[in-house]
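Q: Everything below, folded, please.
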Amino acid sequence: MKNLKKSLVDKVKIWFNKINRLLEIQLFMMLISWPILLYWGLPLSIMSPIGNIIFAPFLTIFIIISSLIFFSELLSIPNNFLIKCLDLISNLWIKPLKWSSKSWLIICKYPSIYFLITIPIITLLIIYNQKLSSSFLKIAALITFMSFNIIIFKYLNNDINTDIHLLNKDILFMSDNEILIDKNSALNQSISSFALTTTIAKKGINKIKHLIVINPSSNCFKNIKALLNIITIKNIYMPLFKGNLNQKGWLNWQNLLEITKKEKIKLYLLNENITIKLPKEKEIIINIKDKTINKNKLIYKKIDLIYQ
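A: Residues are numbered from 1 along each chain as shown. Have a look, this model is predicted:
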């Protein structure tokens, strides 16, 4: 009985050490690749180490079965069973992806190149530090180092008003009140979702309380939906519109409506003035003018913003 108990304890220790070692490797890879993600304006997921550990076996099995199907097709060997297995593995893989959340993403401002260089250097020093003899100590040190960097990068160059350059136009972000104002119709441009989200992410913007759209359009609807993939938005304001968008335009609008409903975002289609209350007794008045604008196949009233 004692031998059995000892054997079970030894096996638990072995598995515990293996998991620690895997987690250490994942954190190491995460920190080494972080400067590249920051450079490209891509967010870092805090679930990456755990996700990689969980999905690595799925990926291995997927590649093996895919290879077997490929060679069986070349050799004209029946492979229905392999195809069913691959389909099962794919479904098991896809289901957990639906559990993902934007709250897992870490979006930091793009720092100086000197800060980026220090990340892999210090990471390597932690890994090869002989004083950190166990995986547990190295994991603790790597997590501490990552947390320190997140705090530094998040509050680096915290400008109150920032003009974000998108292609040929600027969009204003007021960081003190978390307001994004599309003052020059920058969101109306035909810009890829990747370029849009990475440009915003490089400014360290991960939450917007108020998004104010001056001139709505099909591209604008598509771009807002793209932003919502990585950024939390609480309120969206735009003038009430009517018009003759094409099928793609109305589809972009329907997609935006669906995601606002899903994420419980308040969407204001304005036909009268509205006041947005801000901290420190400040406010922004969205003033609906009498002038009618016919643009981008939409008809709506002109908007002026009054800061008080």
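Q: Can you give me the end-to-end span of stretch 194-209?
A: Counting by CA to CA, to the nearest Å, you get 22 Å between the two ends of stretch 194-209.
Q: now what about that stretch, what contacts it?
A: Stretch 194-209 is contacted from outside by 40-43, 105, 107-110, 153-154, 156, 162, 164-166, 173, 175, 177-180, 223, 226-227, 229-235, using CB atoms under 8 Å, 6 or more residues apart in numbering. Backbone N, C-alpha and C define where each C-beta goes, glycine included.
Q: Need the contact partners of stretch 270-279.
A: 176-177, 179, 210, 235, 237-240, 268, 283-288, 301, 303.
Q: Separate out the buried members of the residues you listed.
A: 177, 179, 210, 237-239, 268, 284, 286-288, 301, 303 (16 or more other CB atoms under 10 Å).
Q: Mind checking which of the residues you listed land in helices?
A: Judged by DSSP state H, helices contain none of those.
Q: Most widely separated two among those?
A: The largest separation in the buried ones among the contacts of stretch 270-279, counting by CB to CB, is between Asn177 and Lys301 at 24.5 Å.
Q: still on that earlier bit, reformat the buried ones among the contacts of stretch 270-279 as a markdown table; add distance to Ser218 and pLDDT.
A: A markdown table is the format used below for the buried ones among the contacts of stretch 270-279 (distance: CB to CB, whole Å; pLDDT from 0 to 100):
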| residue | distance to Ser218 | pLDDT |
| --- | --- | --- |
| Asn177 | 29 | 66 |
| Ile179 | 24 | 86 |
| His210 | 22 | 91 |
| Tyr237 | 18 | 94 |
| Met238 | 13 | 92 |
| Pro239 | 15 | 91 |
| Tyr268 | 19 | 92 |
| Ile284 | 26 | 87 |
| Ile286 | 22 | 88 |
| Asn287 | 25 | 88 |
| Ile288 | 22 | 89 |
| Lys301 | 19 | 90 |
| Ile303 | 18 | 87 |
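Q: and the residues you listed, which of them are in strands?
A: If you go by DSSP state E, those have 179, 210, 237-239, 268, 284, 286-288, 301, 303 in strands.
Q: which residues of the chain score low on pLDDT?
A: For the chain, the stretches with pLDDT under 70 are 1-6, 9, 97, 154-163, 176-177.
Q: In space, not sequence, find me the middle residue of it.
A: Among the residues of the chain, Ile230 comes closest to the average C-alpha position under CA atoms, centre = their mean, at 3.1 Å.
Q: quick one, helices of the protein?
A: Using DSSP H, helices in the chain cover 2-40, 48-74, 80-97, 113-127, 135-154, 193-202, 218-227, 247-262.
Q: helices or strands next to the first one in the packing?
A: Identification of packing neighbours for helix 2-40 by 3 or more CB pairs under 8 Å, 6 or more residues apart in numbering; DSSP states H and E yields strand 44-45, helix 48-74, helix 113-127, helix 135-154.
Q: try it again with 10 Å
A: Contacts defined by 3 or more CB pairs under 10 Å, 6 or more residues apart in numbering; DSSP states H and E place helix 2-40 against strand 44-45, helix 48-74, helix 113-127, helix 135-154, helix 193-202.
Q: would a markdown table of these with mean neighbour count and distance to Thr292 be doable?
A: Formatted as a markdown table, the helices and strands packed on helix 2-40 follow (neighbours: other CB atoms under 10 Å; distance: least, CB to CB, whole Å):
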| stretch | mean neighbour count | distance to Thr292 |
| --- | --- | --- |
| strand 44-45 | 18 | 45 |
| helix 48-74 | 14 | 50 |
| helix 113-127 | 14 | 49 |
| helix 135-154 | 16 | 43 |
| helix 193-202 | 19 | 29 |
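Q: do you know which of those lies nearest Ile14?
A: Once the helices and strands packed on helix 2-40 are compared by CB to CB, helix 135-154 is nearest, at 12.7 Å.
Q: Please verify my assumption that the residue nearest to the centre of the chain contacts Leu105.
A: Yes: counting by CB atoms under 10 Å, Ile230 does reach Leu105; the two are 5.9 Å apart.
Q: overlap in contacts of these two?
A: Common neighbours of Ile230 and Leu105 (criterion: CB atoms under 10 Å, 6 or more residues apart in numbering): 42-43, 201, 206.
Q: got CSV for the residues you listed, with distance to Ile121 too?
A: Formatted as CSV, the shared contacts of Ile230 and Leu105 follow (distance: CB to CB, whole Å):
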residue, distance to Ile121
Leu42, 21
Pro43, 23
Ala201, 24
Asn206, 27
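Q: Looking at neighbours, which among those is most surrounded?
A: Sorting the shared contacts of Ile230 and Leu105 by how many neighbours each has (other CB atoms under 10 Å) puts Ala201 first, at 24 neighbours.
Q: Please verify my assumption that Gly249 contacts Phe241.
A: No: counting by CB under 10 Å, Gly249 does not reach Phe241; the two are 11.1 Å apart.
Q: where do the contact lists of the two overlap?
A: With CB under 10 Å, 6+ apart, Gly249 and Phe241 have common neighbours 217, 296-298.
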